[in-house]
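# predicted model, plus sequence, below.
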Amino acid sequence: MCTGASHVLHLQVRIEAHSGWTDKEYSDEAANRFTAKREQLNANALREHENAVKSGRAKSKRKPRLRAEAVRLHHCYDFLKGNARFMRDIPRPRKRTRLENEAVVHEQGAEDVNTSSDTAEFDSLTGDDDPALPADVFQPPTGSQSFARPASAGKKKAKQLHLEGQVDKAIMYSQRGLAAATTAQVEILKEQLQIAKGKVELVENQQRSLKEQAEMSMMCATTEGLSEFGKEYLLLKQKQVLEQMKKQTLTEE
């Protein structure tokens, strides 16, 4: 669900925390609500247009354009195009043109030629046809050129690190959202557990109250009109209740 309205509906369904629902069931429920809302909006728009045509307030007899009743791909783009992170253009490293490299090679070749001609002219003036160079002087091979390695590899590495950092940030935000949703669900479960405990305590109090009422009725009952067996049973029960009340009083003290 990528549109603003559908995203809100999806969050509302998530907050309801239906027991045992899967992600697909949440998405289907949000999609059904989105479709129902769009159907209602389209019906209202048609009704308003018909009323305007009947009353003469309509500027055109053409029916209003109906909204799509299902989420489509362009809805996702309409929602994401407002996000700066989605629309941000990642700059690409500039590549050196071939003409610039050829110009550098040409200039270096020209400098080598000028240097060779100056050396030959100096040798002719000194009369030394084959001068002996010192052993510690490095002489590059004839026709060799020194090229500076372009820095494109470093830019590619920086771009890769930047993309990896963006992915890590997205994963971190996703984990934070999941942790927040899990925390909210845990809080809801805690509240439900407290409500269940309150209901259990209420039932226990009701049962205790009924038991006490029955015991009080038994203690206040008389043996008049009872048989010998009934009298003996009632007296025995009254004695048991009295002993329990004494024990309870001693325990509370």
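Good, I have the coordinates.
# wait, isn't Ala45 in contact with Pro64?
Yes. Contact criterion CB atoms under 8 Å: Ala45 and Pro64 qualify, at 4.7 Å. Yep, even glycine has a C-beta here, placed from its N, CA and C like the rest.
# where does Lys61 land in three-state SS?
coil (DSSP: H, G, I helix; E, B strand; the rest coil).
# what's the burial count for it?
8 (other CB atoms under 10 Å).
# and the nearest residue to it once chain neighbours are set aside, how far from Glu39?
Nearest residue to Lys61 in three dimensions, chain neighbours excluded: Val53, at 6.2 Å (CB to CB, 6 or more residues apart in numbering). Look at Val53 and Glu39: by CB to CB, to the nearest Å, they are 21 Å apart.
# what residues go with each domain of the chain?
Domain ranges of the chain: 1-87, 201-252, per automatic domain parsing.
# using TSV, lay out those domains together with mean pLDDT and distance to Gln175.
Formatted as TSV, the domains of the chain follow (pLDDT from 0 to 100; distance: least, CB to CB, whole Å):
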stretch	mean pLDDT	distance to Gln175
domain 1-87	71	17
domain 201-252	85	39
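# helix, strand, or coil at Arg57?
Arg57 ends up coil, using three-state DSSP.
# that one - how many residues pack around it?
Per other CB under 10 Å, the neighbour tally for Arg57 reads 9.
# ok, it to Tyr233 distance?
From Arg57 to Tyr233 the distance is 89 Å (CB to CB).
# next one: Thr35
Thr35 is 70 Å from Tyr233, by CB to CB.
# over to Lys63?
Using CB to CB, Lys63 is found at 87 Å from Tyr233.
# how about Val167?
82 Å.
# now name the helix or strand holding the residue nearest to Lys61.
Element membership for Val53 (DSSP states H and E) is helix 23-55.
# do Tyr173 as well
Assessed by DSSP H and E, Tyr173 sits inside helix 152-220.
# what does the following helix or strand past that helix contact?
Once the chain leaves helix 152-220, the next helix or strand it forms, by DSSP H and E, is helix 228-252. By CB atoms under 8 Å, 6 or more residues apart in numbering, the list of residues contacting helix 228-252 from outside reads 215, 218-219, 221, 223, 226.
# which of these has the largest number of neighbours?
Going by other CB under 10 Å, Glu215 tops the contacts of helix 228-252 with 17 neighbours.
# other SSEs contacting the helix holding Val53?
helix 4-16 (3 or more CB pairs under 8 Å, 6 or more residues apart in numbering; DSSP states H and E).
# what's the helix holding Tyr173 packed up against?
Helix 152-220 packs on helix 228-252, going by 3+ CB pairs under 8 Å, 6+ apart.
# pull out the buried positions in stretch 241-253.
Within stretch 241-253, the residues that count as buried by 16 or more other CB atoms under 10 Å are Val241.
# take the domains of the chain and write them to CSV, including distance to Gly154.
Converted to CSV, the domains of the chain look like this (distance: least, CB to CB, whole Å):
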stretch, distance to Gly154
domain 1-87, 25
domain 201-252, 70
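# for Lys159, find the nearest of the ones you listed.
domain 1-87 (16.7 Å; CB to CB).
# returning to that earlier point: Val167 and Tyr233: who's more crowded?
The neighbour count for Val167 versus Tyr233, taken as other CB under 10 Å, is higher for Tyr233 (13 against 10).
# for Leu34, grab the count of nearby residues.
Rather than Leu, residue 34 is Phe. The burial count for Phe34: 23, using other CB under 10 Å.
# use 6 as the first number from now on
Happy to do that; since the first residue is 6 now, the last one works out to Phe39.
# tell me how far it lies from Ser32.
Counting by CB to CB, the gap from Phe39 to Ser32 is 10 Å.
# now do Val58
In terms of CB to CB, Val58 sits 39 Å off from Ser32.
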